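Asks: Structure, please.
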Amino acid sequence: METMLRFSGYIGSVLLAFGVMGSLIVGSFTSQPLVVVQLILGALFLIIWVITSGVSSLSKATQVIAGRSARFGYNAVLYTGVFVGLVVVANIFVIQNNKRWDLTEEGVYSLSEKSVNVVKGLSKPLRLVAIDTSNMMSLAGGANPERTRELLELYTYSNPKEVSFEVIDPRTKPVEVERLGMKQGNLLYLEYGEGPQSVISRINTVDEQSVTNAIVKLTKGISKKIYYIEGHGEPDVGTDTESGMRSFVNALEDEHLTVEGLMLPRIGKIPEDAAVVMLAAPKLKLSSAEQEALVAYVNKGGRLIMLANPEDGGNWEVQSLAKRFDIEVGNDVILDAESQMFFGGPQIFVAMGFSPHAITAKLSGRQPPVFSFASSVVAPKGEVSGVTYTELLKTGPNSWAERDIARLFDKDDGKASFGAEDLKGPVPIAVAMEKAVVQGSDKEPVVSRVVVVGDVTWLRNDSFGAMGNRDLILNMVNWAAGEEGAIAIGPKQMRQSMAVFSQSTIKTILALSFLGPEVMLLLGLFIWWRRQQSLA
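Replies: Model (predicted):
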């Protein structure tokens with residue numbers, strides 16, 4: 001009995017320590033009975049120990065420690081030195097032999113095999129410069145700066161000899177940002193090669209698929225060519241005025257795509273190196289030869305993007321050409337009464353619905369594209385053999401396509417309301433068509449692609465940077481050019497592993513988590529204490 005009373009101090013200390021830890025885990029000193037019992041018993045045993053033998057035991061313990069301190073002091077210093085030395089050697093070894101392991105099931109913290117192969121295949125230096133948007137989250141579209149840094153580190157890790165990266169703060173290094181030619185929305189600068197032979201790209205999205213595809217484009221060397229049809233009153237792609245489209249051209253160049261004007265009557269056909277041809281709201285009539293050249297180009301596997309504009313008569317040529325591909329561009333103007341409070345007029349609206357497609361896959365509902373004076377664009381009903389149609393974007397449910405355009409533009413009236421002849425919303429704004437074309441029995445089928453949009457104003461300099469406009473047109477051009485699938489990398493997410501436990505099971509696990517270590521610790525202390533008593 002006396003022995004147990006002297007050992008009660010150890011029992012009380014262990015019980016009290018486990019009780020405090022348990023209360024910190026559950027967040028309360030009184031919510032779990034096991035915690036309360038631990039605290040009460042711990043305090044009780046300590047009180048008993050103090051009353052019975054606390055003072056004398058403490059004095060003896062002090063004598064033991066003082067007697068042995070000199071004996072074990074040198075050993076403690078020696079062991080500490082050895083331990084520190086081992087830690088230093090281990091750190092030197094780790095630094096010289098950098099190695100990463102990703103133990104997550106989905107490989108969340110590593111690049112995909114496709115990206116690793118692309119990066120390892122680089123034969124020239126690749127420089128990556130990210131813009132720190134920690135204080136400009138709207139510019140980053142909600143991007144995480146820390147995640148950006150981690151992603152770029154993975155690219156460097158895959159090929160440290162050729163890949164380097166840095167992150168710069170535009171507030172402290174504005175001159176550097178300007179020197180890199182970074183524009184509004186650009187988040188990552190890529191430069192492949194050195195000196196005059198280097199090629200450059202700037203992208204707005206920093207995720208694995210976007211970065212890897214940008215690298216692939218740079219390594220291909222020659223950029224794909226986008227031909228822009230001119231000579232019919234189309235918006236000027238070379239001017240910086242509000243109605244020009246220079247911002248659009250700059251964005252394509254950032255994507256390593258080249259824009260070149262095309263006067264179709266001069267050569268009579270589409271050039272062989274055309275990746276995509278664009279026809280943007282011509283005000284003048286196209287000749288029948290020009291129309292046939294465009295149709296023939298598509299029927300042989302070409303890629304065509306057409307944009308209408310009902311505001312100044314740029315609908316009719318696009319309308320007749322779209323009809324050749326069974327796509328209907330309406331003689332109407334889309335109105336949305338709900339948009340008036342935000343944009344000042346019902347003719348300006350945002351797209352509310354995105355259909356599943358490569359073009360719309362990465363569009364954000366928080367930053368939808370904005371249109372103004374758009375016409376409806378409707379795909380044919382039912383299935384068409386060998387052809388796939390997708391109505392990419394639609395308006396909100398309270399919108400409609402007003403077909404009384406003359407009344408809408410009447411200076412004396414200028415008001416319109418939904419009527420029986422109008423097209424009720426949601427109204428489709430853009431249609432994508434894809435068709436397999438067989439050129440001969442001895443040749444592989446090719447795919448022709450057509451995109452028709454009922455508006456061109458969203459590409460003008462004064463609107464191009466608004467919300468999701470830039471992302472939408474770049475997606476359209478890349479898809480039409482066949483660049484959307486260069487490297488297809490699915491999103492990686494940490495898979496949740498969940499198991500449901502009953503309340504009684506949770507209590508049992510909690511009890512065993514405390515009682516098991518407690519009993520083992522007390523048993524070990526008791527054995528050690530008895531040996532010390534026998535030696536004394």
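Asks: How many residues are close by the residue nearest to residue 246 when sequence neighbours are not counted?
Replies: Sequence neighbours aside, residue 240 is the residue nearest to residue 246 in space, at 4.9 Å (criterion: C-beta to C-beta, 6 or more residues apart in numbering). C-beta coordinates here come from the backbone N, C-alpha and C atoms, glycine included. Number of residues near residue 240 (other C-beta atoms under 10 Å) recorded here: 11.
Asks: close enough to count as contact, residue 240 and residue 460?
Replies: No. Judged on C-beta atoms under 8 Å, residue 240 makes no contact with residue 460 at a distance of 11.0 Å.
Asks: Each with direction, which strands does the strand or helix carrying residue 276 pair with?
Replies: Secondary structure assigned from DSSP states H and E places residue 276 in strand 274-280. Here strand 274-280 is paired, per DSSP bridges, with strand 224-229 (parallel), strand 303-307 (parallel).
Asks: which of the ones you listed is buried the deepest?
Replies: Among the strands paired with strand 274-280, ranked by average contacts under mean count of other C-beta atoms under 10 Å, first place goes to strand 303-307 (a mean of 25).
Asks: hmm, back to that, three-state assignment of the residue nearest to residue 246?
Replies: coil (DSSP: H, G, I helix; E, B strand; the rest coil).
Asks: what does residue 382 give?
Replies: coil.
Asks: neighbours of it, just the number please.
Replies: Counted with other C-beta under 10 Å, residue 382 comes out at 6.
Asks: Next one: it from residue 444, what distance?
Replies: 29 Å (C-beta to C-beta, to the nearest Å).
Asks: what about the longest strand in this protein?
Replies: Criterion DSSP state E: the longest strand present in the chain is strand 428-437.
Asks: Let's see the pLDDT reported for residue 382.
Replies: pLDDT recorded at residue 382 is 81.
Asks: can you check the one 5 residues further on too?
Replies: Per-residue confidence at residue 387 stands at 91 (pLDDT).
Asks: And this protein, what are its domain boundaries?
Replies: 2-96+498-535, 109-221, 223-480 (automatic domain parsing).
Asks: which one of those is the most hemmed in?
Replies: Ranked by mean neighbours (mean count of other C-beta under 10 Å), those are led by domain 223-480, with a mean of 19.
Asks: Straight-line length of it, end to end?
Replies: 15 Å (C-alpha to C-alpha, to the nearest Å).
Asks: Lowest-scoring secondary structure element of this protein by mean pLDDT?
Replies: Least confident element among the helices and strands of the chain, by mean pLDDT, DSSP states H and E: helix 137-140 (a mean of 41).
Asks: immediately after that helix, which helix or strand?
Replies: Helix 137-140 is succeeded, C-terminally, by helix 145-158 (DSSP H and E).
Asks: Just checking: what are the partner strands of the helix or strand following that next one?
Replies: In the C-terminal direction, the helix or strand that comes right after helix 145-158 (DSSP H and E) is strand 163-168. With DSSP bridges as the test, strand 163-168 is paired with strand 126-131 (parallel).
Asks: And for the partner strand, what's in contact with it?
Replies: Residues from elsewhere that reach strand 126-131 (C-beta atoms under 8 Å, 6 or more residues apart in numbering): 119, 139, 148-149, 152, 155-156, 159, 162-168, 170, 177, 180, 182, 186-192, 206, 211, 215, 218.
Asks: between it and helix 145-158, how big is the angle?
Replies: Strand 126-131 and helix 145-158 are oriented at 170 degrees to each other (axes from the mean of the first three to the mean of the last three C-alpha atoms, to 10 degrees).
Asks: what's the average pLDDT for strand 126-131?
Replies: 92.
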